[in-house]
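# pasting the sequence and the predicted coordinates here, then a few questions.
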Amino acid sequence: MISGSFRLKTLSGERETLHTGSFQIVTNNPLVADSLSGRYRVCFLKNGSDREVMVKVRDLIHRRHRLLTAPLSGSVKPWETPYRSIMVSSDPCSAVDATSLDLIERAMEVINRSHNYLKTTKPSIDHDFQIVDLSLIESALPSAEAIGRI
Amino acid sequence: MVKEIERAGIPVVHICTVTPISLTVGANRIVPAVAIPHPLGNPELSPGDEYELRRKLVDKALRALMTEVDDQTVFDS
Amino acid sequence: MKLELGYIDIRGIRFGDHNAVEEGILVVNPEPLLKPVLEDPLIKTAHFEIAAPGESIRITPVKDVIEPRVKVEGKGGVFPGMVSKVDTVGSGKTNVLRGMAVVTAGPIVGFQEGIIDMTGVGADYTPFSQLHNLVLVMEPVEGFVQREYEKAARLAGLRTAAAIGELARNLTPDETVVYETPTIAETFSEELKNLPRVGYVMMLQSQGLLHDTYVYGVDAKRTLSTLIGATEVMDGAIVSGNCVSACDKNTTYHHQNNPVIHDLLAVHGQSINFVGVIITNENVYLDDKIRSSDWTAKMAQYLSLDAAIVSQEGFGNPDTDLIMNCTKLEKQGIRTVIITDEYAGQDGRSQSLADADALANAVVTGGNANELIILPRMDRVIGTLGYVDKIAGGHAGSLQPDGSIQAELQVITGATNEMGFNRLSAR
Amino acid sequence: MSTYRIVHYINQFFGQIGGEEQAHIPAEKRPGPVGPGLAFKQHFGGEAEIVATIICGDSWFNENLDLAKKTVLEMVREEAPDLFIAGPAFNAGRYGVACGTISDAVKTELGIPSLTGMYEENPGADMFRTKVLTVATSNSAAGMRKAVPAMAKLALKLLKGERVGASAEDGYLPDGVRRNFFEKKRGSARAIDMLLKKLSDKPFETEYPMPSFDRVPPMPAIKDITRATIAIVTSGGIVPKGNPDHIESSSASKYGSYNIEGVNDLTSESYETAHGGYDPVYANKDADRVIPVDVLRQYEKEGKIGKLHNWFYTTVGNGTAVASAKKYADEIAEKLISHEVDAVILTST
């Protein structure tokens, strides 16, 4: 698989075209780490909070990585689930991606607000939250893998 | 914040890494910065080179302040 | 396309020794109906319960709500690609058991929400309190795989609704309404060409387990935005596989009775020219969002639309799809109105949406899903209250010692529907 | 049944003392209702009564703000009312500001529920609608007949502790709090109505206004930069080491002003960032990377700029969170003007 960004030579100079195949998944979900680490690059924040996952992703975006999946994926509300998995490009682009930044900042606002809510998530349903989070990030894999395939 | 200061009658140059955001918040004179964690620096450079980089950005900002604009303008060269 | 809906009004449901609709009463003999349900190895137990409007009954956790129908004339059968074989529906004649629904209830994951109260404050917020509900309560076998059990429960509901609908095949409808949609050529006819060309962009939740929607049996997340006939939607082409976000998920009943389609057809030929329906998905992968919204805008332009109504499903990242759809349409000069709901916090002071754009200047809201309500104790619970404490992580709904529930509106099935099914709003 | 006690605030005109020529009169208190207060009486249906009316000149209130607030608050306190009503002020600007100011003060300082009324374009409306329930009125006193019943109805709700409906239901200006209510039509029908209006370019009202993105015309360029005083403002959260003002790391509720007289270079010993919105390592190591004090000091010495203003102002803000910053941005702007700053370099992370 080719990774990184293609550089397209045009008459007006060089410009970036497409982020390609290579991606990483930032997660605090042990089930995602277990299930996907073998096949993909997974950055596992063990015992990390959903907020810490977002901070990690935000810092990557600041370092010019591009956000590939919606940070608030799923309709399980951020104040319900402790798990979050986000896909980010493995390699940096040439500039900070404004859309990625906008999305992560808005998502973090929602998360910040949600932490004012009472947290009573029970361990017995932990595994179900993990399964749903895994399913959400898995739903992005076919699209992510399709790119760069010729 | 850019808008409130400019509205009060003082010209503002906004040094900002992500220019689309600067455009959204309504800055009129915009100078693109280096990176979010270090808008006016680059830790990979030697201290001398980093100062030089910052000096050039400040020059650009001062030039922007001395330039008449009638619309939002990005000073990127 | 021309679809004739024959409405048979159901005024009550009772158990009996046979299955039939007799003078507006649905008589249910559970055994033959439950037999195919229980043949699924993943379903451990299944039984029916009956809930009528005004009764002191709480149904929870609700998975889906389905209106029983039967295809009497024309191509295809009910729920094509799911229950019947794949064939284009939306024309001919379909009989509808109006005033009732098959409701599926029971656990799928440990944090499920979805409450239908048949009386009290909660009943005001869910349209399903007004229906005679035949509730199919199911329980999975031990050690089930959620994804497989969701499918089993989904199909059980749809098949049961189909079996009930079959009872109406030879009945004479109480009311018959004909819905007709034009071809593209007809939208340029003499009587329509001077009316504004209006389209409907219907967004479908499509993100993974508990968040899926199926179009003719196809998982919507693996589709590009496409055109579908208004009467196809009315005739069961789209079904819900969505189990979370009770207040703003579209149940199968919502799709069958899509209010935007219904109301647009009602004024078609008078104040507007209803050109067509575009369905588009809400995926997790950002490039999919960009591609799907691009495609929506392209198709709207291709249809030469002047205006469009965009309806959303769910909360959070679908706000991004919603804003993308809206702004891309507006930038092409297509006037839009969007229908959404809000998560403005319990105090109503937070930003309502996770995305925003000045071009989205015409918004209809289904209300603030975070608003707190107190649901009084009910005499009878169908399903289990075991999830109420865990509903939405335990703090959006919690069971009080007196049996009442303090909850955010989001736990109520259909409360803030984003197709505009309800009268609820916020300012 | 005892009736609820209300104190009513009106200006010299509605107090029937006189027009603009009497606007200088200080606050005075009279027992019972006066002017519009009499109209309120019939709408209270005996459940509430105006026990006292405070009449105050608009100029006197606005020109002696602190004294006026203190005087009126004292007059209200003496009556120990259950509710305070100011106005309605319609489109009278100074009257509107006075009504907003005093009802906000009564509410926050005396803990007495308050209510006012004015036209939506009254400057007082913009300033106070999110603080005090403000019934929407027409732009002139001709609208009294409509304004009084709306205000009276809301007053009784407040007195009885009943739930306040949504702004569209109870007729007050949107106050930034989203409240649910049932519309007459379902959402899909409302969407079609709205679309038809939008299509025919008729005015329509969105049910959820998006956060606004207004623009400010650019100020003229600096003619002679070598004589200009330049100030640094940053949303990058640079603060003296230890964060003396405890600026929060996100959605900060305050800003800091810090003196840099004699500071030629920001070092890791003396400055850091309080911002939680980015990786702080680089800024903590050298805060000049966020605010270029070193370069500007050098330029000041070289005469390339007139002067580097001796204070810098710092906030914490994500690029996208705009609205919350408005309040302290106004305060910062005020300080900059009073210090005769000619231009600002604003840096964001």
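Received it, and whenever you're ready, just let me know what you need.

# what segments of chain B are strands?
Along chain B, counting by DSSP state E, strands occupy B:12-16, B:29-32, B:73-74.

# wait, chain D
Using DSSP E, strands in chain D cover D:4-11, D:28-31, D:48-56, D:83-86, D:114-119, D:133-137, D:180-182, D:229-234, D:238-240, D:256-259, D:271-273, D:307-314, D:343-347.

# who does the fifth one pair with, and is each partner parallel or antiparallel?
Strands adjacent to strand D:114-119 in the sheet, as given by DSSP bridges, are strand D:83-86 (parallel), strand D:133-137 (parallel).

# output the strands of chain D in a markdown table, with distance to residue D:37 appended to each entry.
Using the backbone N, CA and C atoms, a C-beta is placed for each residue, glycine as well. Formatted as a markdown table, the strands of chain D follow (distance: least, CB to CB, whole Å):
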| stretch | distance to residue D:37 |
| --- | --- |
| strand D:4-11 | 5 |
| strand D:28-31 | 10 |
| strand D:48-56 | 5 |
| strand D:83-86 | 9 |
| strand D:114-119 | 13 |
| strand D:133-137 | 15 |
| strand D:180-182 | 30 |
| strand D:229-234 | 48 |
| strand D:238-240 | 52 |
| strand D:256-259 | 46 |
| strand D:271-273 | 55 |
| strand D:307-314 | 46 |
| strand D:343-347 | 49 |
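
# and of those strands, who's closest to residue A:68?
Ranking the strands of chain D by proximity to residue A:68 (CB to CB) places strand D:271-273 first, at 28.5 Å.

# output the strands paired with strand D:114-119 in CSV; the columns should cover mean pLDDT.
Listed next are the strands paired with strand D:114-119 as CSV, based on pLDDT from 0 to 100:
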stretch, mean pLDDT
strand D:83-86, 97
strand D:133-137, 96
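
# please tell me the pLDDT value assigned to residue A:17.
Residue A:17 carries a pLDDT value of 46.

# and chain B, which residues reach chain A?
When proximity is defined by CB under 8 Å from any CB of the partner chain, chain B lies next to chain A at B:17-21, B:35-37.

# same list, those residues, but only the ones touching chain D.
B:17-18, B:21, B:36-37.

# just for chain D, where's the confidence low?
Along chain D, the model assigns pLDDT under 70 to residues D:1, D:212-213, D:250-253, D:317-326.

# show me it divided up by domain.
Domains of chain D are assigned by automatic domain parsing as D:4-170, D:225-347.

# which element is residue C:65 on?
Per DSSP states H and E: residue C:65 is located in strand C:62-66.

# one step back: need the strands of chain B in JSON lines with distance to chain D and mean pLDDT, can you?
Shown next, in JSON lines, are the strands of chain B (distance: least, CB to the nearest CB, whole Å; pLDDT from 0 to 100):
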{"stretch": "strand B:12-16", "distance to chain D": "4", "mean pLDDT": "94"}
{"stretch": "strand B:29-32", "distance to chain D": "7", "mean pLDDT": "94"}
{"stretch": "strand B:73-74", "distance to chain D": "8", "mean pLDDT": "92"}
